[in-house]
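>>> prediction below, plus the sequence it came from.
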Amino acid sequence: MGMTMIEKLLARKAGVPSVRPGDTVTVEVDMCVLIDLQFATVWLPPSRIHDPDKVAIVMDHAVPAPSLKDAEGGPRARRFAADFGISRFFDVGRHGICHQVIAENGLARPGEVLACTDSHTCAAGAYNTAARGLGPAEVYSIMCTGSTWFQVAPTIRYELHGGKPDGVSGKDVFLYLADEYGDATNQNLEFGGPGLVSIPMNDRRTIATQAAEVSADFATFAADDVLHEFLAERGVTGYAAAGPDPDASYVDTREIDLSALEPYVARPGTVSHNGVPVSQVEARRIDQAFIGSCANGQLEDLRIAASVLRGRTVAPGVRLLVTPASQEVYREAMRLGYLQDIADAGGVVTNSTCGACFGYHMGVVGPGEVCLTSSTRNFTGRMGSTEAEIYMASPATVAASAVTGVITDPREVTA
Ligand SMILES: CC(C)[C@H](C(=O)O)[C@@H](O)C(=O)O
Ligand code: SF4
């Protein structure tokens, strides 16, 4: 019996001819990523690590340090990187949200295994990488031994057809899938099919990132010419992508007609079976509009936001916050004039950080407030008060709604 994409990848990295659901495999890990929060909590440096070239440290969740606890973590991270010769240390100034930094530095490679202490590590599945968020203790162990184990889960195949319409983004695709199919706990997601070519890399990243919200194990995309070109532009070569066998066995195959999709919104609480086309929640008043996070703080997201906001003004009483996903995105968005457009419209551009996305700093939402966010999670209390309501939508929908002050279909504002 043939193997799915992730089964192929794990079998190869485990050095066995084949694996099937239920098997437990020990695999070599190609890249192990630590985030700043590890150093701000209990941190006991190991006496040796497996390979400093297979470790990256990214300062992201709490930069610049919003608390004394975080301020104590920074020097620990710096000392650790220096002591162990970890050159891939993305300190404040080279920083950004880890999944963005990993991607833009070509550290997520097709056919390889990537582990990190953050639950959205599945983001790198967009690059045909077996990427998984693991607990800090397991990632610590990987850093010391170079390997980990996974139990192989069954795979759901998304067979994409048609073309994604302009004005519909990866966020809309994800919100639709989450609404239609709900959770994928203990299952892998695989994306491919003739429609994949119409989904650009930034949108694939959004979809792969948000696989965490439906509790998937791995979420991997087929390696096609769009991916190969993206990697070539970043100097990433010499990889071996993994594709499924023609007779692979799936727990479910879902045929998706991309051309039928429209802008979507998830209502507060969850993304699972809780989305609606924007038209069904239009006119809901908002207090805060947020564009950012590892899912939607990419350069293309800022370009879209700037194009909606250019020549328009944020509605009175609405706070529009825009957080680039990395310092590199920030600098490029500045060079291209996007930040100017956002600020001219009355938006606030923040430093690159996880900040508002997880309700920690730089945009905490208060009691009774309504936030429309392009970030990753909308559960109660995620962005601050448990008495706030969080709706989730694409950067285009968030920008358009910031202008009108109510949830709005972006196609109405830009038409
Ligand atoms: C705080 C951090 C470890 C967490 C995660 O694991 O995902 C955060 O990034 C989030 O999105 O909730
Ligand atoms: S941006 Fe949000 S979802 Fe992504 S890693 Fe940071 S806190 Fe988690």
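Ah, there it is. Numbers count the residues shown, from 1 in each chain. Ligands and ions are numbered 1, 2, ... in the order given.

>>> only C-alpha atoms from now on, for both contacts and neighbour counts.
Fine.

>>> and the contacts of stretch 244-262?
The set of residues external to stretch 244-262 that reach it, using C-alpha atoms under 8 Å, 6 or more residues apart in numbering, is 1-6, 8, 154-165, 168, 172-173, 176, 195, 277.

>>> which of those count as buried?
Using 16 or more other C-alpha atoms under 10 Å as the burial test, the contacts of stretch 244-262 include 3-6, 8, 154-164, 168, 172-173, 176, 195, 277 as buried.

>>> can you tell me which of those are in strands?
155, 156, 157, 158, 159, 160, 161, 277 (DSSP state E).

>>> surely the fifth one meets residue 192?
So the one you mean is residue 159. Yes. With contact defined as C-alpha atoms under 8 Å, residue 159 counts as touching residue 192 (5.4 Å).

>>> which bits of this protein sit near ligand 1?
Within the chain, the residues that sit near ligand 1 (C-alpha under 6 Å from any ligand atom) are 118, 119, 120, 358.

>>> of these, which is the most crowded?
If you count neighbours using other C-alpha atoms under 10 Å, the busiest of the residues of the chain next to ligand 1 is residue 120, which has 23 neighbours.

>>> phi, psi for it please.
Residue 120 adopts backbone torsions of phi -90, psi 20, taken as degrees, to the nearest 10.

>>> setting aside sequence neighbours, what's the nearest residue to it?
Using C-alpha to C-alpha, 6 or more residues apart in numbering and skipping the chain neighbours, the partner closest in space to residue 120 is residue 209 (5.4 Å).

>>> over to residue 342?
residue 306 (5.6 Å).

>>> up against ligand 2, what does this structure have?
So far as C-alpha under 6 Å from any ligand atom goes, the chain lies against ligand 2 at 61, 97, 120, 293, 294, 354, 357, 358, 376.

>>> now intersect the residues you listed with the helices, please.
Applying DSSP state H to the residues of the chain next to ligand 2, the entries found in helices are 293, 294.

>>> and the residues of the chain next to ligand 2 as a markdown table, adding pLDDT?
Converted to a markdown table, the residues of the chain next to ligand 2 look like this (pLDDT from 0 to 100):
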| residue | pLDDT |
| --- | --- |
| 61 | 98 |
| 97 | 98 |
| 120 | 98 |
| 293 | 98 |
| 294 | 98 |
| 354 | 98 |
| 357 | 98 |
| 358 | 98 |
| 376 | 98 |
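
>>> which element is residue 150 on?
strand 147-151 (DSSP states H and E).

>>> again with residue 391
Using DSSP H and E, residue 391 sits in strand 389-392.

>>> returning to that earlier point: which of the ones in strands among the buried ones among the contacts of stretch 244-262 sits closest to residue 365?
Taking C-alpha to C-alpha as the measure, residue 365 lies nearest residue 277 of these, at 24.4 Å.

>>> pull the residues that contact the helix or strand where residue 372 lies.
Per DSSP H and E, residue 372 falls inside strand 370-373. Strand 370-373 is contacted by residues 285-291, 365, 388-395, 398, 407 when judged by C-alpha under 8 Å, 6+ apart.

>>> let's see that with 6 Å instead.
Residues outside strand 370-373 that contact it (C-alpha atoms under 6 Å, 6 or more residues apart in numbering): 286, 287, 288, 289, 290, 388, 389, 390, 391, 392.

>>> and the last one, how far is that from residue 300?
Counting by C-alpha to C-alpha, to the nearest Å, the gap between residue 392 and residue 300 amounts to 18 Å.

>>> comparing the two, which residue is more hemmed in?
Neighbour count, other C-alpha under 10 Å: between residue 392 and residue 300, residue 392 has more, with 29 against 16.
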